[in-house]
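Asks: need coordinates for the below:
(2 chains)
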Amino acid sequence: MTKSRRVLSLFNTLTRRVEPVLPVKEGYISFYTCGPTVYNYAHIGNLRTFLFQDLLKRTFRAAAYTVTHCMNITDVEDKIIRDSQGGLPADATNEARHEAMRALTERFTAIFLEDLETLRIQKADHLPKATEYIPGMIRLVQELETKHLAYERDGSVYYRISGLPEYGCLAHLDREGMQSGASVDADEYERDSVTDFVLWKAAKPGEPWWDSPWGPGRPGWHIECSAMGMELLGDRVDIHSGGVDLIFPHHENEIAQSDGCLGHRWVNHWVHGEFLMVEGQKMAKSAGNFFTLRDLVEKGVDPLALRYTIQSNHYRKVLNFSFEGLRAAENSLKRIRVFRKRMEGEGQPGAGPWKEGLEPLTRLEQARNAFWNALADDLNTPEALAELFTLISDLNAQDDHVALTREERDAVLAFLDEADAIFAAWPHETEATLDAEVEALIEARRAAKAAKNWPEADRVRDRLKELGIILEDRKDGSTGWRRG
RNA sequence: GGCACCGUCGCCAAGUGGUAAGGCCCGGGACUGCAAAUCCCGUAUCCAUCGGUUCGAAUCCGAUCGGUGCCUCCA
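Replies: Numbers count the residues shown, from 1 in each chain, chains lettered A, B, ... in the order given. Here you go, the predicted structure:
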């Protein structure tokens, strides 16, 4: 099982084709993802996107790339201001306003990071907060001004999209199409063109602000990603990702800012994750089908079953989340976990019908190749999982008849670990020590079985089941157990 | 109005020109004291509908129906 680096292909929103990811630096991937706006709990739709990005990152790492991942935390934004400034008097100081904003965002940042951990989403290498990079954003805006791609109006600064011919290339919009659809958030700002977007917003009364060359204000939404991404990942980023809703205007505007400033393409590969629906309907608070991770955990859902559900769908297809699907995921995971446990133990050959003998190591290598080919083809996780399941079926059948050797079992376990490094849903169960009560019950059942006292044996087994322990009698007369 | 995407077994889902992967659920059988786990057998002659192209299409083209997204804050 050598770890050779594989070329992975992904759909590139820029070209609308599946293209190989050829990093700027051999073997090294710079990866930027748009993170959360921290003013509330993340819902499962948000989490689908972060999970998809985690899967992408883990796949590259498992394919022997070094990935540097940067995910921003948006901690200054309209809704944050709305939700954090309410209790303050009209004459509150700027310091007090910032403090109130920080209290809200720090709280929800911590909650967000906990949610990621619950879903086994690996933390990004860089988690920059927008408020800590204001000077860099100001410098970027100034540079755009110098290049005549930005102009100031009443303390705000706007991007002049007419200065960038390729504006619209990501969303594949033409200027005319945009004009007609633009329902202008014109408010009090004066722009040269309604589609010009704001880089720096002049402070309004009641808002926290920073000093800038244009007076007190705060950054526009799009500028933070450009500024922090370029500062932390450099002038050429291999992959940039987010939900499909960010294609326009957010990513389009990032391109305008970054490419406009650099004079060359900033990001090579744009990858976007699809949305999620709930029970066939759009997820909405008003529809009563709005879920956060915590809502599901409270209902007793295994977070890894949610992880599995999301990963068993292709990232570019709308996922229809349902509780029935969640149950199916739990059962699918059980099959993999039971198989893993079986491989950890020793084989118990038996008789009975079977199709044909296998050479386990050959079969394993074949499955492993198919698994990787699926992932390398635009992250086809459903296909990769299918390969895993057919391998499990084949090896279960084989092991029923000709027990796999220790060496073969270990090779299978190594592959399960390799796959779990990506899917993160069938980990090594730490062999928890049984408490005294459970041990005594297992012994009691053994005794009852020996005495052929079946009602008593069944009674004890039921009691254990209530405690979450499922017994499995083996062919040699011994009894195994697992948590159910 | 403009631009895209999707419609495959009860549910989820791969396959995108060569004759329907996989998972869940379900039925029958084997194993078991009974279970659990596992295995074996079975479960879409057909891929929304209607036309067309082709030796051949779920896969290409056209139309129709149905669902979704973007064009405005949004994972």
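
Asks: that's a strand at residue A:294, yeah?
Replies: No. Per DSSP: H, G, I helix; E, B strand; the rest coil, residue A:294 lies outside any strand segment and is helix.

Asks: okay, now the closest residue to it other than its chain neighbours: neighbour count?
Replies: Sequence neighbours aside, residue A:41 is the residue nearest to residue A:294 in space, at 6.6 Å (criterion: Cβ to Cβ, 6 or more residues apart in numbering). Bear in mind the C-beta positions are built from the backbone N, C-alpha and C, glycine included. Neighbourhood size, residue A:41 [other Cβ atoms under 10 Å]: 16.

Asks: which residues touch residue A:41?
Replies: By Cβ atoms under 8 Å, 6 or more residues apart in numbering, residue A:41 lies in contact with A:108, A:111, A:115, A:292, A:293, A:294.

Asks: which residues of the stretch 301-450 of chain A lie near RNA strand B?
Replies: The stretch 301-450 of chain A has residues A:312-314, A:317-320, A:322, A:324-325, A:327-328, A:331-332, A:334-335, A:338-339, A:342, A:350, A:352-355, A:377, A:380, A:382-383, A:385-386, A:389-390, A:392-393, A:396-397, A:400, A:449 near RNA strand B, with proximity defined as Cβ under 7 Å from any atom of the strand.

Asks: on that earlier part again, what's the pLDDT at the residue nearest to residue A:294?
Replies: Looking at residue A:41, its pLDDT reads 96.

Asks: quick one: secondary structure of it?
Replies: Assignment for residue A:41 (three-state DSSP): coil.

Asks: please state the backbone phi and psi of it?
Replies: Its backbone dihedrals place residue A:41 at phi -70, psi 140, with angles given as degrees, to the nearest 10.

Asks: low-confidence bits of the stretch 251-400 of chain A, can you list those?
Replies: A:349-356 (pLDDT under 70).

Asks: from residue A:255, how far off is the residue nearest to residue A:294?
Replies: Distance of residue A:41 to residue A:255, computed by Cβ to Cβ, to the nearest Å: 30 Å.

Asks: with residue A:379 instead?
Replies: Between residue A:379 and residue A:255 the computed distance is 23 Å (Cβ to Cβ).

Asks: go on, residue A:348?
Replies: Taking Cβ to Cβ as the measure, residue A:348 falls 60 Å from residue A:255.

Asks: which one's more surrounded, the two?
Replies: More crowded of residue A:348 and residue A:255, by other Cβ under 10 Å: residue A:255, with 25 against 13.

Asks: hang on, that one packs against residue A:262?
Replies: No. Residue A:255 lies out of contact with residue A:262 (Cβ atoms under 8 Å); the separation is 10.4 Å.

Asks: before we move on, the earlier item: got the contacts of residue A:41 as TSV, with distance to residue A:226 and neighbour count columns?
Replies: Supplementary listing: these in TSV, determined by distance: Cβ to Cβ, whole Å; neighbours: other Cβ atoms under 10 Å:
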residue	distance to residue A:226	neighbour count
A:108	24	20
A:111	27	18
A:115	26	22
A:292	30	17
A:293	30	23
A:294	33	14
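
Asks: residue A:15: which of those is nearest?
Replies: residue A:115 (33.3 Å; Cβ to Cβ).

Asks: how is chain A divided into domains?
Replies: Here the domain parsing of chain A from automatic domain parsing is A:9-273, A:300-423, A:436-483.

Asks: quick one: which of those domains is nearest residue A:283?
Replies: domain A:9-273 (5.7 Å).

Asks: so which residues of the stretch 351-484 of chain A form strands?
Replies: Taking DSSP state E, counting those that start in this stretch as the test, the strands found in the stretch 351-484 of chain A are A:469-473, A:479-483.
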